[in-house]
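*Asks:* Take a look and give me a structure for this.
(chains A and B)
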Amino acid sequence: MTKTILKRLGLLVVTLLLVTFLAFVAFSILPGDPTNSILGLNATQEQVDALRAQLGLDLPLWQRYLNWLGGLFTGNLGISYNYDMPVGQLLAGRVGVTAALAGLSFVLIVVISIPLGILCARYEGGVLDRALTVLNQITMSIPNFLLGFLLTFLFSLVLRWFTVGSFSAATAQGFWDWLSYLFFPALAIALPKSAMTVKMLRGSILGEMREDYIRTAYSKGNSKGAVLWRFALRNAMIPVITFLAMTIADVVAGSIVVEQVFAVQGIGQMLVTSIGNRDYPVVQAIVAFIALIVVVCNFAADGLYRVMDPRLRQR
Amino acid sequence: MLLHVEHLKVTFHDRSSLFDAVEDFSLQMEEGEVVGIVGESGSGKSMTAHALMGLIPRAKADISGKALFRGADLLAMSRAQLRQVQGRELSIIFQEPMTSLNPTMRIGRQVEDALRVHTKLGAGERRARALEAMALAGLSDPEKLYRCYPHQLSGGMRQRVMIAAALVLRPRLLIADEPTTALDVTIQAQILDTLKDINRTEGTAILFISHDLGVVKALCQRVVVMRHGLIVEEGPADQVFYHPREGYTRQLIAARPTRKKLRGGGEDG
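*Replies:* Down below sits the predicted model:
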């Protein structure tokens, strides 16, 4: 057991190193140079060279990576080229926003899809099941940014439940205003994923309901509801948990796009801006942060998997 | 009379076709009696058992006839009425001990399940009754097994767990649907002995279903031979085994591996 955990932890570290290194490589291959956006296109070659030396961009790739890695361990993420302030400070306020957005999205996915998945399986072929199947198809095929526009149109422009673009004002008004603004972008991220989770949970439960042990449960006089809740659900949740863990990566990635649509000042928005400006230290920090979240969530899912399935515990 | 089945018929229907799994089955059983149903696979013997137990979804098949269990017709009961009987007066064990238990539930909880459904006993009392049933089913060290999961047990032990779970409320009739088919011969003999003991000490009637006439003869007083959903032959076990009237019964007997055939090899082996 301890050995398994250590193995997984090792894998976690290797994954993070690999992802951050690949990000370094990707930006050294991409055309464009941060000195252009800092000095402008009319700078002389001497000025450019001097700045490159100052930023450390004249060093070979592996050395730059090692420097960055060294900084990471001492809590120094570098200075943003564009904003001229420490990356840590720059991101501090925004990380919370994106984390809240992603967290809220994930909670919505769970709250929407688990009960609906159970209901669909319980009343298979019923009105709700058929209606949701159609709705699922629609929601699944709409990308989250388009859903974001539709939600903005409906709730902001038609119903006037919130004012799009008023995120910083809402932040100033206090926690609940802040959270209720985030509710709509979170919904845009959550709905397509919820549709998939409902479909998956429904299928998983119905699959379990055909197993031999379900027949045993019926033979003891259990009602259909009891069989579903006490016997099928736990087994059916095992693959769904894996799916939800993978969803977290999509949720974080989804927030990058959806933050643009709803004008939410999170790291997603910052990432897009910084890529455009070739603001490497910022991009690098955000990539590392997202990778960390994804890897840690998968790690947690693996642990939960073991709790749910006793057959995995002994290994 | 414990069980009186008359003209049981089970017809499966999907969109295009009808299929009679059981065409015409009748049987009478007294309290405490051990009766065997023998037949090849597809003869309708398991379907008969599942129909009596109420395990065939009514949407999938038409079931007609009568099955009076202690005077009440199992086939005419509502689902709620049937649930009152299932697991309490009428129990079943299945052919597949490997898959018939819930992989994520501890053995103890599965043995207790019928108690949970049918009684208001507290956890301590349920546990005591479960341990008792596990001992009755021939499981040694039930205290330890109580906390185990199915995958930690051998096939024979799992079948004993199934037996314990079926017997926890001391039903009047236990339907055993090929309970030893998936187990090796030594374990098979031990399980048969356990069922015999339970019949003797608890007075539980057993309807034992098997494709192996020899196994049935070892356990049952009376045998019903089935083929294609119909009863071919019926009578005292010894008589059917040693003096079969029907050609089909003789084929069933001849199909058994005997020691002589196994040793001799040849075309029979």
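
*Asks:* for whichever helix or strand A:Ile241 is part of, which positions count as buried?
*Replies:* Using DSSP states H and E, the element containing A:Ile241 is helix A:233-262. Judged by neighbour count (16 or more other Cβ atoms under 10 Å in any protein chain shown), helix A:233-262 contains these buried residues: A:233-238, A:240-242, A:244-245, A:247-262. Every residue, glycine included, has its C-beta placed from N, CA and C.

*Asks:* That helix and chain B in contact?
*Replies:* Yes - counting by Cβ under 8 Å from any Cβ of the partner chain, chain B has neighbours in helix A:233-262: A:234-235, A:238.

*Asks:* Just list what that helix packs against, helices and strands only.
*Replies:* If contacts are counted by 3 or more Cβ pairs under 8 Å, 6 or more residues apart in numbering or on different chains; DSSP states H and E, helix A:233-262 sits against helix A:87-122, helix A:144-151, helix A:175-208, helix A:267-276, helix A:280-308.

*Asks:* Tell me which of these sits nearest to B:Glu30.
*Replies:* helix A:175-208 (39.3 Å; Cβ to Cβ).

*Asks:* tally of neighbours for residue 230?
*Replies:* All of this is about chain A. Using other Cβ atoms under 10 Å in any protein chain shown, A:Arg230 has 17 other residues around it.

*Asks:* Actually, chain B is the one I wanted.
*Replies:* Other residues near B:Leu230 number 15, with proximity taken as other Cβ under 10 Å.

*Asks:* quick one: the helices in chain B?
*Replies:* For chain B, the helices defined by DSSP state H cover B:45-53, B:79-85, B:107-111, B:113-118, B:123-136, B:142-146, B:155-167, B:185-202, B:213-219, B:237-242, B:247-254, B:259-264.

*Asks:* The fifth one versus helix B:155-167: what angle between them?
*Replies:* In other words, helix B:123-136. Here helix B:123-136 runs at an angle of 130 degrees relative to helix B:155-167 (axes from the mean of the first three to the mean of the last three Cα atoms, to 10 degrees).

*Asks:* so B:Pro97 makes contact with B:Ile163?
*Replies:* No - under the criterion of Cβ atoms under 8 Å, B:Pro97 is not in contact with B:Ile163, lying 9.5 Å apart.

*Asks:* For the chain, which residues score under the pLDDT cut-off?
*Replies:* If you meant another chain, say so; for now it's chain A. A:1, A:314-315 (pLDDT under 70).

*Asks:* Can you look at chain B instead?
*Replies:* B:258-269.

*Asks:* what are the bridge partners for the spatially most central residue of it, then?
*Replies:* Centroid-nearest residue in chain B: B:Ala176, 1.3 Å away (criterion: Cα atoms, centre = their mean). Beta-bridge partners for B:Ala176, by DSSP bridges, are B:Ile93, B:Phe208.

*Asks:* residues touching B:Arg106, list them.
*Replies:* B:146-149 (Cβ atoms under 8 Å, 6 or more residues apart in numbering or on different chains).

*Asks:* so how far is B:Lys66 from the residue nearest to the centre of chain B?
*Replies:* As judged by Cβ to Cβ, to the nearest Å, B:Ala176 and B:Lys66 stand 23 Å apart.

*Asks:* ok, A:Met200 touching A:Gly117?
*Replies:* Yes - counting by Cβ under 8 Å, A:Met200 touches A:Gly117, with 7.4 Å between them.

*Asks:* Please say which of the two ends up with more neighbours.
*Replies:* A:Gly117 (25 against 18).

*Asks:* And for the closest residue to the more buried one other than its chain neighbours, the neighbour number?
*Replies:* Excluding its sequence neighbours, the residue lying closest to A:Gly117 (Cβ to Cβ, 6 or more residues apart in numbering or on different chains) is A:Leu201, at 2.9 Å. By the measure other Cβ under 10 Å, the count of residues near A:Leu201 is 25.
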